[in-house]
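>>> could you look at this predicted model? Sequence included:
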Amino acid sequence: MSDQPYIGPDDPRVVALTPCEFAFPGPLRDELVAAVLSGAKTSTTGLVADYEHEGEPLPQVGRRASVPDSDGRTVAVIETVEVRVVPLGEVDLQHAIDEGEDYDTLAGWRAAHERFWSSPEMLAALDDPGFTVDDATLVVLERFRLVADLR
């Protein structure tokens, strides 16, 4: 990766990056993007089923991605520093804490994620109205670092 700083959201190197979208546009995305920008959020969790449905490869260490806000403006660049695929029942508390959403228990983290993963928007995105999660559901635990704040 180039050590040259990004000159803004229109930098050709930024434009060429794949976006990393946190949640769906709206209040939750705004919260998550703000947490990324503040440094509070350094991890995220995705469903392997979502990657498979979208035909997208899992994130790889060293990958850089642009971060859009709810209005589609690119506001940051992040770099993946760790990727683990584990059953949902094996997610650790540190990962939950590092999601930057004030989780202090795994139960709270899991309840919030189960609500999101069973939301009408997520079920529609998966094209599976009967999708459910359990302890064996495979999830992608991604840890990242903020490379550039482009606001």
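Cool, the structure landed. Numbers count the residues shown, from 1 in each chain.

>>> ranges for the helices of this protein?
For the chain, the helices defined by DSSP state H cover 12-15, 27-38, 48-54, 93-98, 106-117, 120-126.

>>> longest strand of this structure?
Across the chain, the longest stretch assigned as strand under DSSP state E is strand 74-87.

>>> what's next to that one, contact-wise?
Strand 74-87 is contacted by residues 1, 6, 9, 14, 17, 19-20, 33, 36-37, 48, 58-69, 135-151 when judged by Cβ atoms under 8 Å, 6 or more residues apart in numbering. In this view, the C-beta of every residue, glycine as well, is placed from N, C-alpha and C.

>>> change it to 6 Å
Residues from elsewhere that reach strand 74-87, judged by Cβ atoms under 6 Å, 6 or more residues apart in numbering: 9, 36-37, 59, 61, 63-69, 136, 138, 140-151.

>>> just the buried members of those residues?
Neighbour counting by 16 or more other Cβ atoms under 10 Å classes 9, 36-37, 59, 63-69, 140-144, 146-148, 150 among the contacts of strand 74-87 as buried.

>>> can you list the weak-confidence ranges in the chain?
Residue ranges of the chain with pLDDT under 70: 1-3.

>>> the same query, at a cut-off of 90, please.
Applying pLDDT under 90 to the chain flags the ranges 1-4.
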